[in-house]
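Enquirer: Quick one: sequence plus predicted model below, questions after.
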Amino acid sequence: MSGARAAMEGVFAGDRRELSELEIAPQAALADEVRALIEAVIHTEVPETELREAAAAVAALTERLNTARRNRPPAARLGVNGMVKALGSPVTGVLNAIAPPIDVVTLEDGSVHAEFTLTDVYEGPPTFVHGGVSALILDHVLGAAAAANGTPGMTATLDLRYRRPTPHGVPLVVTARTVRNEGRKTWADATITGPDGRVTIEATAMFIFPAT
Ligand SMILES: CCCCCCCCCCCCCCCC(=O)SCCNC(=O)CCNC(=O)[C@H](O)C(C)(C)COP(=O)(O)OP(=O)(O)OC[C@H]1O[C@@H](n2cnc3c(N)ncnc32)[C@H](O)[C@@H]1OP(=O)(O)O
């Protein structure tokens, strides 16, 4: 079995130890604080002595947390449909401080949808979201749409059309849906829409369920 097939089967077999919402809450609160820390580190103008003290304090905290570690990022069954979620996902993971995190929901028509706001932590051009960050989010929701269709796969192609800049600091909407399936291949479309209702990015992806 190749790495790709094993990875897909690992994801959908739910072979990770799943945490309950109660178990997740304190660790998610810690991740929230780390998100605030990341933002503060970027913007702070405190003097050098304070920066050095802060670095030492963070290093001590990291050492403390590493005294008990899991082998893999944990998963949980959350939400109304009880879908398995990767808590360490860089897009949706509530335990991952680099994730916004975005709450992606599956609608009755099988499409997936999320409303979210990105801070300037995700900035590319001044005042706008980094195009690679948008691609990450779109890849994830396209993959979630393929999975919601019962036809998950690895991203084989991802085509993006950046129609206009995507602003940060304002509410954005991302939606994706599966449009076609042929054997192991599934195609999905997605958009990100700004607060003025205009689409900023259109995306299409093809997912392949690995042969081996
Ligand atoms: C606990 C957590 C639970 C979470 C639960 C919910 C999950 C829900 C949300 C998750 C959402 C995540 C979304 C992110 C998803 C990634 O980030 S995936 C990571 C990025 N992608 C990769 O790393 C893929 C790397 N590539 C590969 O692994 C392999 O090349 C692939 C794509 C699996 C294909 O391998 P293969 O099965 O050996 O394919 P193969 O038999 O050679 O070819 C089959 C056919 O596809 C065509 N093909 C193959 N590759 C390509 C390609 N790249 N382009 C075009 N055509 C291709 C071939 O030409 C062939 O065509 P036909 O001859 O049939 O016409």
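Expert: In hand now; what should we look at?
Enquirer: Please identify the helix or strand for A59.
Expert: Using DSSP states H and E, A59 sits in helix 48-65.
Enquirer: Return the set of buried residues in that helix.
Expert: Using 16 or more other C-beta atoms under 10 Å as the burial criterion, none of the residues of helix 48-65 qualify. Heads up, the C-betas are built off the backbone N, CA and C, glycines and all.
Enquirer: Other residues contacting it?
Expert: 37, 44, 46 (C-beta atoms under 8 Å, 6 or more residues apart in numbering).
Enquirer: Could you give the number of residues near the residue in the chain positioned nearest to the ligand?
Expert: Residue of the chain nearest the ligand, by C-beta to the nearest ligand atom: G143 (2.5 Å). For G143, the neighbour count with other C-beta atoms under 10 Å is 25.
Enquirer: in the sheet, who's paired with T175?
Expert: T175 forms beta bridges with H113, T191, as assigned by DSSP bridges.
Enquirer: contacting residues for G131?
Expert: 124, 160, 162.
Enquirer: what does the chain put close to the ligand?
Expert: 4, 11, 16, 75, 84, 86, 139-140, 143-144, 147, 154-157, 208, 210-211 (C-beta under 6 Å from any ligand atom).
Enquirer: Turn the buried ones among those residues into a named ChimeraX selection, would you?
Expert: In ChimeraX, this line selects whichever of these come out buried by 16+ other C-beta under 10 Å:
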select :11,16,75,84,86,139,140,143,144,147,154,208,210
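Enquirer: so V104 touches E115, yeah?
Expert: No: the pair V104 and E115 does not pass the contact test of C-beta atoms under 8 Å, sitting 10.1 Å apart.
Enquirer: Between those two, which has more neighbouring residues?
Expert: V104 (24 against 13).
Enquirer: What residues does the nearest residue to the more buried one once chain neighbours are set aside make contact with?
Expert: The shortest distance from V104 to any non-neighbouring residue, by C-beta to C-beta, 6 or more residues apart in numbering, is to A114 (4.6 Å). Going by C-beta under 8 Å, 6+ apart, A114 touches 102-105, 141, 173-175.
Enquirer: same thing with A188?
Expert: A188 sits next to 142-143, 145-146, 149, 176-179, 204-205, 207 when contact means C-beta under 8 Å, 6+ apart.
Enquirer: Among these, name the buried ones.
Expert: 142-143, 145-146, 149, 176-178, 204-205, 207.
Enquirer: Need the per-residue pLDDT for the residue of the chain most remote from its centre.
Expert: Taking C-alpha atoms, centre = their mean, the residue of the chain most remote from its mean C-alpha position is T49, at 35.1 Å. We note a pLDDT of 98 for T49 in this prediction.
Enquirer: Thanks again, I'm all set now.
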